[in-house]
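1. Starting from these lines, generate the structure:
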Amino acid sequence: MQWSLILLFLMAQCCFIDCQLYQFHYINENKTWTEAQQYCRENHTDLATVTNMKDMKRLINISAGYQREAWIGLNSKPEFNRTWFWSLSGAEFNESETNWKEGEPTDRGIKGSENCGIVYQDLRWGDQGCHWNESFLCYDETNKTHKYHLIKEEKTWLKAQSYCREKHTDLISGTKQLQDGEVKKLMDFTNSKAYFGLFRDNCRWSDGNSFSFRHWNNDFNNPESNSGQCVMTVFNDGGRWKNVSCDERKPFFCYDDKVILIKENKTWEEALTYCRGHHHDLVTITNMEDQIWIQEKVKNASTPFVWIGLHYIWSLRFWVWVSDEEVSYENWASPGQTDDCDVFGTMETGGEHKWLEKKGSQTFNFICSKY
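-> You can find the predicted model right below:
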């Protein structure tokens with residue numbers, strides 16, 4: 001047995017690596033949103049993109065003791081069309097996979113304000129105003145036996161979202177969750193309809209990412225009435241977001257991106273050499289948040305797969321990261337076991353962004369960690 005490989009495995013068990021793939025910075029200078037955007041792009045990567053509640057907690061922690069509000073990278077402009085999103089981070093809306101009830105979406109509200117999704121007893125979808133009180137469906141990532149919950153206490157869509165995020169994971173999001181037989185059984189217990197995690201707005205992130213996470217306060221209005229405004233986070237309101245004039249002057253959050261997509265076709269070993277020569281290493285993915293961040297990057301790749309920092313130790317029959325980090329989080333399309341000794345890990349650049357093993361001689365784009 002190769003003792004050097006065994007040593008590598010043991011190191012992976014005890015090695016601690018800071019695996020956050022992006023870093024936030026609080027800038028305590030009052031600027032307009034556009035001035036803040038320019039500052040962040042010149043000195044960091046961009047104004048902060050917020051992907052989940054963990055990010056919100058990070059922002060609140062690093063801003064402790066400072067002013068009570070700050071710009072983030074979300075804004076709306078008249079030319080931005082309203083777009084459907086899923087509430088759950090990482091779930092991607094696909095127009096070809098919808099299940100609208102006949103005639104829906106109607107968008108009959110004042111100025112087209114039916115921006116929240118409802119699901120009927122037959123699991124077909126509709127749209128309606130977000131201010132109505134309805135029952136709602138929550139998703140629970142940690143409870144594998146009962147992942148879905150019908151909450152009969154009626155709330156507005158935003159309050160339903162807050163309830164699900166506080167007590168479970170989020171509102172049910174994505175067609176796969178809605179097609180689960182457990183959801184159908186839950187809806188059999190209601191004669192009406194329920195909110196789920198579908199919503200639309202006309203907001204975009206400054207860096208061009210399409211992350212759907214939103215953390216609006218309960219006074220959020222029709223997106224069209226907020227067109228041309230920019231988003232700040234309010235710390236004394238749990239970090240909730242508010243739309244205001246972009247000309248107001250406020251402190252702001254920037255972020256540094258620690259990963260980069262290299263749109264050159266290389267073998268896995270060539271990609272590894274390039275990353276270590278020009279940046280730091282091939283990327284390591286240790287949790288779902290990392291996965292979601294990386295899968296947004298790979299959408300811009302020019303190959304159907306991208307290399308990541310996974311390689312297979314054939315003699316010991318297990319996968320390891322080039323960073324020596326243990327493979328604790330996995331996102332394989334199929335079980336990552338193989339009898340081949342020359343395979344390495346890739347991520348799909350489309351679809352569900354699953355991991356697949358590929359021969360090391362194949363050439364793809366790849367993701368490097370910068371430091």
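2. Read off the pLDDT value for residue 63.
-> Predicted confidence (pLDDT) for residue 63: 85.
3. count of residues packed around it?
-> 20 (other CB atoms under 10 Å). The way it works is simple: take the backbone N, C-alpha and C, and place the C-beta from them, glycine included.
4. tally of neighbours for residue 168?
-> By the criterion of other CB under 10 Å, residue 168 has 20 neighbours.
5. Next: residue 82.
-> Neighbours of residue 82 under the rule other CB under 10 Å: 19.
6. And it, how close does it get to residue 324?
-> For residue 82, the distance to residue 324 equals 46 Å [CB to CB, to the nearest Å].
7. With residue 98 instead?
-> 44 Å.
8. cool, and residue 193?
-> Distance of residue 193 to residue 324, given as CB to CB: 51 Å.
9. ok now stretch 271-288, how far from the chain's centre?
-> On the basis of CA atoms, centre = their mean, to the nearest Å, stretch 271-288 sits 21 Å off its chain's mean C-alpha point.
10. Pull the residues that contact it.
-> 17, 19, 21, 90, 259-260, 262, 264, 266, 290-291, 294, 307-309, 321-323, 325, 328-329, 331, 364, 366-371 (CB atoms under 8 Å, 6 or more residues apart in numbering).
11. Can you point out the buried residues in it?
-> Using 16 or more other CB atoms under 10 Å as the test for burial, stretch 271-288 gives 271, 272, 274, 275, 279, 281, 282, 283, 284, 285, 286.
12. Taking the residues you listed together, which two end up most distant?
-> 274 and 286 (22.1 Å; CB to CB).
13. Okay, strands next: where are they in the stretch 1-150 of the chain?
-> For the stretch 1-150 of the chain, the strands defined by DSSP state E, counting those that start in this stretch cover 22-31, 46-47, 69-76, 83-86, 116-120, 125-128, 134-139, 148-155.
14. mind putting those strands in a markdown table, mean neighbour count included?
-> Putting the strands of the stretch 1-150 of the chain into a markdown table (neighbours: other CB atoms under 10 Å) gives the following:
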| stretch | mean neighbour count |
| --- | --- |
| strand 22-31 | 16 |
| strand 46-47 | 23 |
| strand 69-76 | 25 |
| strand 83-86 | 19 |
| strand 116-120 | 24 |
| strand 125-128 | 21 |
| strand 134-139 | 24 |
| strand 148-155 | 16 |
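15. Nearest to residue 229 among those would be which one?
-> Once the strands of the stretch 1-150 of the chain are compared by CB to CB, strand 69-76 is nearest, at 5.8 Å.
16. Which strands and helices lie in contact with the closest one?
-> Here strand 69-76 touches helix 33-43, strand 46-47, strand 203-205, strand 229-234, strand 240-245, strand 250-257, going by 3 or more CB pairs under 8 Å, 6 or more residues apart in numbering; DSSP states H and E.
17. I'd like these as JSON lines, with distance to residue 217 appended.
-> As requested, these are exported to JSON lines (distance: least, CB to CB, whole Å):
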{"stretch": "helix 33-43", "distance to residue 217": "18"}
{"stretch": "strand 46-47", "distance to residue 217": "20"}
{"stretch": "strand 203-205", "distance to residue 217": "14"}
{"stretch": "strand 229-234", "distance to residue 217": "7"}
{"stretch": "strand 240-245", "distance to residue 217": "4"}
{"stretch": "strand 250-257", "distance to residue 217": "16"}
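18. Turn those into TSV, including mean pLDDT and distance to residue 164.
-> Below are the helices and strands packed on strand 69-76 laid out as TSV (pLDDT from 0 to 100; distance: least, CB to CB, whole Å):
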stretch	mean pLDDT	distance to residue 164
helix 33-43	98	30
strand 46-47	98	28
strand 203-205	94	21
strand 229-234	94	20
strand 240-245	92	16
strand 250-257	97	25
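19. Show me which of residue 193 and residue 324 is the more surrounded one.
-> Neighbour totals were compared for residue 193 and residue 324, and residue 193 leads with 19 against 16 (other CB under 10 Å).
20. and the closest residue to residue 86 other than its chain neighbours, what is it in contact with?
-> Distances taken as CB to CB, 6 or more residues apart in numbering place residue 173 nearest to residue 86, at 3.8 Å, with adjacent residues excluded. Neighbouring residues of residue 173 by CB under 8 Å, 6+ apart: 86, 87, 88, 91, 139, 196, 197, 198.
21. just for the stretch 1-150 of the chain, where's the confidence low?
-> 1-19, 67, 109-112 (pLDDT under 70).
22. same deal with the stretch 201-350 of the chain?
-> Ranges of the stretch 201-350 of the chain meeting pLDDT under 70: 219-227, 335-339.
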